[in-house]
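**Q** My questions concern the predicted model and sequence given below.
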Amino acid sequence: MTNNDQLKTLKLLAKRYARATGKPQHVALDFVANRLGFPHWNALTGSVKAEWTPSEAQTASIKAFVERITSYEDRTFDHIFGGPDAITRGEVRGHPYELKIMLGDVLMEGDGWRIVLPENPSAAPRVEIHINHAQNSPMNDRVLLAEAIGTAKDLMQSVKARRFADWPRRATKPDAEEKVRHPFLQMEESSRWYCLHCNAEITGSQIAGNHWHCPGCGASPINIFPEAFWLGPNEEKPVPVQARAEGQEIEPIVSVVDPRPKLDLSKDQVTHLIRAALFEDAINASERMGASLAEIWVDDDLDVVVSFEDHYWPEEKEPTAAIEVAAVLGIEIELEVFWSDPLFGWPGLGTVTQSAAEYTRMMLDAYRSHGIIEERDENR
Ligand SMILES: [Zn+2]
């Protein structure tokens, strides 16, 4: 394989990994780069352009890893994201509630309170009380709270009973050697299991007893494997997980929450508002390039300096929408101009059309008849 083929293969593997794990693509690319010893993807591609090439063995190891992660994605998602069950309504000591399942957790909601009972049996139930009800919430009554959590636990138990019915018996009942089978991934039975998240070593009884959630970090069953194949020979060996003592009751975590959306304006948010206004101010394809090229700098008081690129934003053009946004936000806006090489030759071409596609066509035509278009370098 050429360098380029290797890179393409790695990119493809990262895409599959991203899809299977629900991670953004750039995270998956960085993840692949990390596994090959680079801080991030751009560092990897930079090295490929210079002298380094991933060996076929390295590419193969990434491939094996991604295949293991993705080979069971369909089956997995059924278990993790099982369809939303119907809502059950009831009352706890005269206080009405609604009970439902969300992503495997049980959710119980009343007037100004809710209880989340996580699918992971060793995680504490979370009780959230709306700030307006903090003083007089029924959840302040410990007996009532315990009763409500009991109801949520009953639902969890019946949901799990249904799920365990689909699992191989060996997933919940270790044999004499503590060997268990993964509930839905096709893998060997084993008496030792490893968590992809925290690298913990977990015994067969521990993992079965915790319904295949890591007893250390709570990671879900798709993260549990019979060998820590992701650890290189020089990485730290997994250590036995620190599990909670048997039969220990888990205290609920009660917190007062204010669920109203809260605005704490950030530099990033201001930048996006100003940028959106610049696009509104732009009246043709060229000025929209100017809106996209403009540098927006926000200081600690959220005052803004906008630097316009001279080729794409006419010097005399007032960004009225941006000025208005600044006025609404009550911040200062300062405008300046900078010069750089235009992105493309004949930057004025974009002033005669509204359409980005039309502009692209004209720009390419201009290069074809009055300039040179280089063949695409595949390594870029
Ligand atoms: Zn873990």
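**A** The structure has been received and is ready for your questions. Fair warning: this is a prediction, and the values are worked out from it, not measured in the lab.

**Q** Who's the closest spatial neighbour of the closest residue to the ion within the stretch 1-150 of the chain, skipping the chain neighbours?
**A** Among all residues of the stretch 1-150 of the chain, N120 sits closest to the ion, at 10.4 Å; criterion: Cβ to the ion. To be clear about C-beta, it is placed using only N, CA and C from the backbone, and glycine gets the same treatment. The shortest distance from N120 to any residue that is not its chain neighbour, by Cβ to Cβ, 6 or more residues apart in numbering, is 3.9 Å, and that residue is H213.

**Q** K15 too?
**A** With Cβ to Cβ, 6+ apart as the criterion, K15 has its nearest non-adjacent residue at 6.4 Å, and that residue is Q25.

**Q** OK, contacts around that neighbour?
**A** Taking Cβ atoms under 8 Å, 6 or more residues apart in numbering as the criterion, Q25 is in contact with 14-15, 18.

**Q** Also E227?
**A** By Cβ under 8 Å, 6+ apart, E227 lies in contact with 190, 194.

**Q** And it, how far from G218?
**A** To G218, E227 is 21 Å away according to Cβ to Cβ, to the nearest Å.

**Q** What score does the residue nearest to K15 have for pLDDT?
**A** Taken from the predicted model, the pLDDT recorded for Q25 is 86.

**Q** cool, and the one 3 residues further on?
**A** At A28 the predicted local confidence, pLDDT, stands at 87.

**Q** what's the answer for R275, then?
**A** Note on R275: pLDDT of 98.

**Q** Give me the neighbour count for it.
**A** Neighbour count of R275, defined by other Cβ atoms under 10 Å: 17.

**Q** show me what contacts the closest residue to L145 other than its chain neighbours?
**A** Take L145 and drop its neighbours on the chain: the residue closest to it by Cβ to Cβ, 6+ apart is M139, 5.3 Å away. Counting by Cβ under 8 Å, 6+ apart, M139 touches 110, 113, 115, 127, 129, 145, 148, 254.

**Q** D141 now?
**A** Each residue near D141 by Cβ under 8 Å, 6+ apart is listed here: R93.

**Q** Stretch 286-305: end-to-end distance?
**A** End-to-end distance for stretch 286-305: 21 Å, by Cα to Cα, to the nearest Å.

**Q** got it, and stretch 101-110?
**A** Terminal residues of stretch 101-110 lie 15 Å apart, using Cα to Cα.

**Q** contacting residues around that stretch?
**A** 80-82, 84-85, 92, 95-100, 114-119, 138-139, 148, 151-153, 155-156, 159, 220.

**Q** And for stretch 158-176?
**A** Counting by Cβ under 8 Å, 6+ apart, residues outside stretch 158-176 touching it are 79, 82, 85, 101, 106, 179-184, 189, 191, 204-205, 208, 211-212.

**Q** What's the local residue count around V304?
**A** Taking other Cβ under 10 Å as the neighbour definition, V304 ends up with a count of 23.

**Q** Kindly report the same for G94.
**A** Per other Cβ under 10 Å, the neighbour tally for G94 reads 7.

**Q** again with G150
**A** The tally of other residues near G150 (other Cβ under 10 Å) stands at 10.

**Q** for E51, same thing?
**A** Other residues close to E51 by other Cβ under 10 Å number 7.

**Q** which neighbours does the longest strand seen in the chain have in its sheet, and in what orientation?
**A** Counting residues, the longest strand in the chain under DSSP state E turns out to be strand 95-102. In the sheet containing strand 95-102, its partner strands are strand 88-92 (antiparallel), strand 105-110 (antiparallel), by DSSP bridges.

**Q** Please, where are all the strands along the stretch 201-350 of the chain?
**A** In the stretch 201-350 of the chain, the strands defined using DSSP state E, counting those that start in this stretch lie at 201-203, 224-225, 253-257, 295-298, 304-309, 333-338.
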